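return atomic coordinates for the entry below.
(one chain, ligands or ions: 1)
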Amino acid sequence: MAIRTIVLEDDPVLRKKSRPVEKFDQRLWELLDDMADTMHKAQGVGLAAPQVGVLRRVVVVDIGEGVMELVNPEILETSGAEEDSEGCLSFPGQYGLVTRPTQVKIKYQDRHGQWQLRQSTCPLMARAFCHETDHLNGVLFVDKVSRMLSPEELEEMA
Ligand code: NI
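Okay, the predicted model is just below:
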């Protein structure tokens with residue numbers, strides 16, 4: 001396992017569309033392990049493969065309940081809407097208000113290629129899934145913010 005470098009906001013790789021994973025091999029498992037380590041070290045709740053420069057549809061999420069690995073994730077249904085502050089490991093220190101669904105139903109493959117279905121009614125989980133899935137399509141949270149938080153508001157959050 002290794003810590004990978006997280007690419008930052010101006011890197012064009014963040015704007016590219018990621019390709020589906022076809023091989024569920026050692027190389028994928030290393031990527032997943034490294035992404036989990038990298039996310040934890042950076043104290044994030046989610047990380048998408050393009051953020052470490054790999055244009056594959058791979059995401060890790062950990063909202064404090066353990067690491068979830070999502071390969072080729074697809075959001076099947078969403079409901080609810082909530083505006084809350086949101087950030088991104090590729091935009092250190094920047095936060096904005098983004099409206100996201102509060103419930104999602106997703107399908108994805110696990111590290112062995114088995115399809116899994118997951119329904120979440122946790123707003124933070126729904127937000128993380130939506131944010132990370134956007135990354136796979138070159139979409140960033142700054143595209144969806146109603147406004148960025150001011151330095152004063154950031155201080156209050158800290
Ligand atoms: Ni992000």
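
which strands and helices sit next to the longest strand seen in the chain?
For the chain, the strand that runs over the most residues, judged by DSSP state E, is strand 68-79. For strand 68-79, the packing partners by 3 or more C-beta pairs under 8 Å, 6 or more residues apart in numbering; DSSP states H and E come out as helix 26-41, strand 58-61, strand 103-109, helix 123-136. Quick note: C-beta positions are derived from backbone N, CA and C, even for glycine.

with distance to residue 11 and mean pLDDT added, can I get these in JSON lines?
Output for those, formatted as JSON lines (distance: least, C-beta to C-beta, whole Å; pLDDT from 0 to 100):
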{"stretch": "helix 26-41", "distance to residue 11": "15", "mean pLDDT": "98"}
{"stretch": "strand 58-61", "distance to residue 11": "17", "mean pLDDT": "98"}
{"stretch": "strand 103-109", "distance to residue 11": "25", "mean pLDDT": "98"}
{"stretch": "helix 123-136", "distance to residue 11": "12", "mean pLDDT": "98"}
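
pick the most deeply packed of those.
strand 58-61 (a mean of 27; mean count of other C-beta atoms under 10 Å).

paired strands for that strand, with orientation please.
Strand 58-61 pairs in its sheet with strand 46-48 (antiparallel), strand 68-79 (antiparallel), by DSSP bridges.

out of the ones you listed, which comes closest to residue 150?
strand 46-48 (24.3 Å; C-beta to C-beta).

circling back to that earlier point, just send the strands paired with strand 58-61 back as JSON lines, with mean neighbour count and distance to residue 105 too.
JSON lines is the format used below for those (neighbours: other C-beta atoms under 10 Å; distance: least, C-beta to C-beta, whole Å):
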{"stretch": "strand 46-48", "mean neighbour count": "28", "distance to residue 105": "18"}
{"stretch": "strand 68-79", "mean neighbour count": "18", "distance to residue 105": "4"}
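
would a markdown table of those with mean pLDDT be doable?
Below are the strands paired with strand 58-61 laid out as a markdown table (pLDDT from 0 to 100):
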| stretch | mean pLDDT |
| --- | --- |
| strand 46-48 | 98 |
| strand 68-79 | 98 |
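
which of the helices and strands packed on strand 68-79 sits closest to residue 85?
When those are compared by C-beta to C-beta, helix 123-136 sits nearest residue 85, at 10.1 Å.

so what's the spatially most central residue of the chain up against?
The C-alpha lying nearest the average C-alpha coordinate of the chain belongs to residue 132 (C-alpha atoms, centre = their mean; 2.5 Å). Residues near residue 132 by C-beta atoms under 8 Å, 6 or more residues apart in numbering: 46, 47, 48, 59, 61, 70, 73.

thanks again, I'm all set now.
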